[in-house]
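Chemist: Next come a sequence and a model predicted from it.
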Amino acid sequence: MPFYKRVVIAGKTEETKKYYSRKHQPKTKRVKRRKPSRAEQININIRKQIEQLRWTLNCNFEEGDFFVTFSFKKEERPDTYEELIKCKDKLIRELRKAYRSKGRELKFVYVIEIGKRGAAHIHMVLKSIDTKVLKRCWDRGYIHINLLDGTGQYGDLASYLVKEKGRRKMEQCGGKTYSASRNLKKPIIKKQVIWNRDFFREDARSRKGYYIDKRHDEENGGIRKGYTMTGYPFMEYIQVKIDGREVKRE
């Protein structure tokens with residue numbers, strides 16, 4: 001019975017998902033279909049946002065780029081969410097001018113965090129630049145910088161930003177878990193129907209020049225198997241370029 005194969009190419013990574021649908025169903029009996037609970041549906045939505053952010057990060061950022069946390073001094077903390085948004089908007093304006101002055105284009109992903117004790121943070125993933133430039137753009141507190149590693153697979157960071165930071169903000173203030181600049185590249189998504197097999201192989205096989213990512217737990221990457229809410233089996237896995245060169249974009 002034919003099945004769908006979706007391949008997402010993002011930077012050094014290729015993500016493969018094999019699955020069935022109502023149109024193309026396996027011969028084996030499916031598990032009982034059920035409607036997800038509200039909590040399950042929230043988790044499904046969160047997983048989807050992590051997936052989308054992982055693609056965005058893998059597609060646009062690389063080793064040496066920055067994961068920056070802009071913090072507020074206690075006396076500089078915004079009193080309201082609206083004021084925090086204004087601080088974020090001003091920061092982006094200052095960063096955009098600073099990057100432009102260096103002949104660079106600002107590209108970013110950000111998440112706003114409001115702590116239980118009132119502390120506020122602006123988390124950003126940015127293209128690398130002189131750290132003195134960042135300091136000149138932020139005079140309300142402290143800056144903490146982490147460098148992205150050379151794997152090109154930033155599923156852990158995507159999960160951290162969405163689950164640990166963005167979800168809390170969404171539950172407190174509404175809106176999206178994260179936001180991104182409009183000038184980011186989008187992944188290449190290829191989808192096809194495989195007709196010549198009765199069932200898809202459940203083992204993940206890497207092609208030449210790639211390795212199967214097994215460092216991350218199944219939520220952030222790795223190999224996932226299971227059943228969809230419609231009762232049909234699926235599997236997905238991530239391959240990462242070995243030699244560090246970006247996946248060729250056709």
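Modeler: In hand now; what should we look at? Residues are numbered from 1 along each chain as shown.
Chemist: Quick check: the gap between the nearest residue to residue 137 once chain neighbours are set aside and residue 227.
Modeler: Leaving aside its sequence neighbours, residue 137 sits nearest to residue 94 (C-beta to C-beta, 6 or more residues apart in numbering; 3.9 Å). In this view, the C-beta of every residue, glycine as well, is placed from N, C-alpha and C. Note on residue 94: its distance to residue 227, by C-beta to C-beta, to the nearest Å, is 49 Å.
Chemist: what's the answer for residue 127, then?
Modeler: Relative to residue 227, and taking C-beta to C-beta, residue 127 is found at 40 Å.
Chemist: And the helix or strand containing residue 100, what's buried?
Modeler: Under the criterion DSSP states H and E, the helix or strand holding residue 100 is helix 81-101. When neighbours are counted by 16 or more other C-beta atoms under 10 Å, the buried residues of helix 81-101 are found to be 81, 84, 87, 88, 91, 92, 94, 95, 96, 98, 99.
Chemist: counting contacts, what elements does that helix pack onto?
Modeler: Counting contacts by 3 or more C-beta pairs under 8 Å, 6 or more residues apart in numbering; DSSP states H and E, helix 81-101 is packed against strand 108-114, strand 120-126, helix 131-137.
Chemist: With residue 45 as the reference, name the closest of the ones you listed.
Modeler: Residue 45 lies closest, by C-beta to C-beta, to one member of the helices and strands packed on helix 81-101: strand 108-114, at 15.9 Å.
Chemist: what is the rounded mean pLDDT of that closest one?
Modeler: When pLDDT is averaged along strand 108-114, the result is 93.
Chemist: Parallel or antiparallel, list what pairs with it.
Modeler: Each strand that pairs with strand 108-114, with its direction, by DSSP bridges: strand 120-126 (antiparallel), strand 179-180 (antiparallel).
Chemist: The helix or strand of the chain with the lowest mean pLDDT - contacts with which helices or strands?
Modeler: Comparing every helix and strand of the chain by mean pLDDT, DSSP states H and E singles out helix 167-173 as the least confident one, with a mean of 75. Helix 167-173 sits against strand 108-114, with contacts defined as 3+ C-beta pairs under 8 Å, 6+ apart.
Chemist: angle of the strand it packs on against helix 81-101?
Modeler: For strand 108-114 against helix 81-101, the angle between stretch directions is 150 degrees (axes from the mean of the first three to the mean of the last three C-alpha atoms, to 10 degrees).
Chemist: thought residue 186 was touching residue 59?
Modeler: Yes - Residue 186 is in contact with residue 59 according to C-beta atoms under 8 Å; the separation is 6.8 Å.
Chemist: quick one, which of the two is more surrounded?
Modeler: The residue with the greater number of neighbours, taking residue 186 and residue 59 and applying other C-beta atoms under 10 Å, is residue 59; the counts read 23 against 10.
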